[in-house]
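Undergrad: here is the input, now give the coordinates:
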Amino acid sequence: QVQLVESGGGLVQAGGSLRLSCSGSGRSFKYYVMAWFRQAPGKEREFVANIRWDGSTINYADSVKGRFTISRDTAKNTADLQMNNLKPEDTGVYFCAARNGLPVVAIASYDYWGQGTRVTVSS
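TA: Okay, the predicted model is just below:
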C-alpha cells in the first residue's frame with residue numbers, strides 16, 4: 001500500500017517555526033516531484049511548495065517565499081517543509097503530495113496524497 005504520512009504540525013505563536021515531515025512508503029518516490037499544499041478553514045486547498053526529484057527545480061507560493069524551505073532526502077523517501085516566521089494566515093492543514101512528472105502546482109496533477117497535519121499559528 002502506497003502511503004504518504006505527514007508529521008510535525010502543532011500550535012505555534014506568530015513569528016515561530018515548525019518543521020513538517022513527509023514520509024513515503026509502499027514504493028520509491030525517488031523520481032517523483034514532492035510537494036506541500038495547505039488548506040485553511042473554509043478555503044480551498046492551495047499550493048505551498050514543490051521540489052523536483054533531483055532538487056534542480058524548487059517552487060514556492062508567493063505568500064511563503066523567504067519564510068518556508070522545502071527539502072527532500074530521496075534515499076529516505078522523505079520531504080520536509082521548514083516554516084519560519086509563521087503568520088496567523090499560515091494556519092491550516094498541510095498536505096504532502098507526490099507526482100510522476102514535472103513540478104507543477106495544479107492539485108489535480110498529483111498522484112499521491114497524505115492525510116494532512118494541522119498547523120495553527122496564534123497571534
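
Undergrad: what's the local residue count around the closest residue to residue 24 other than its chain neighbours?
TA: In space, and not counting its chain neighbours, residue 24 is closest to residue 77: 4.1 Å by Cβ to Cβ, 6 or more residues apart in numbering. To be clear about C-beta, it is placed using only N, CA and C from the backbone, and glycine gets the same treatment. Neighbour count of residue 77, defined by other Cβ atoms under 10 Å: 20.

Undergrad: pLDDT value on residue 77, please?
TA: Residue 77 carries a pLDDT value of 93.

Undergrad: isn't it right next to residue 29, touching?
TA: Yes - assessed by Cβ atoms under 8 Å, residue 77 is found in contact with residue 29 at 5.4 Å.

Undergrad: what sits in contact with each of the two?
TA: The contact sets of residue 77 and residue 29 do not overlap (Cβ atoms under 8 Å, 6 or more residues apart in numbering).

Undergrad: now stretch 18-31, how far from the centre of its chain.
TA: Stretch 18-31 sits 10 Å away from the centroid of its parent chain (Cα atoms, centre = their mean, to the nearest Å).
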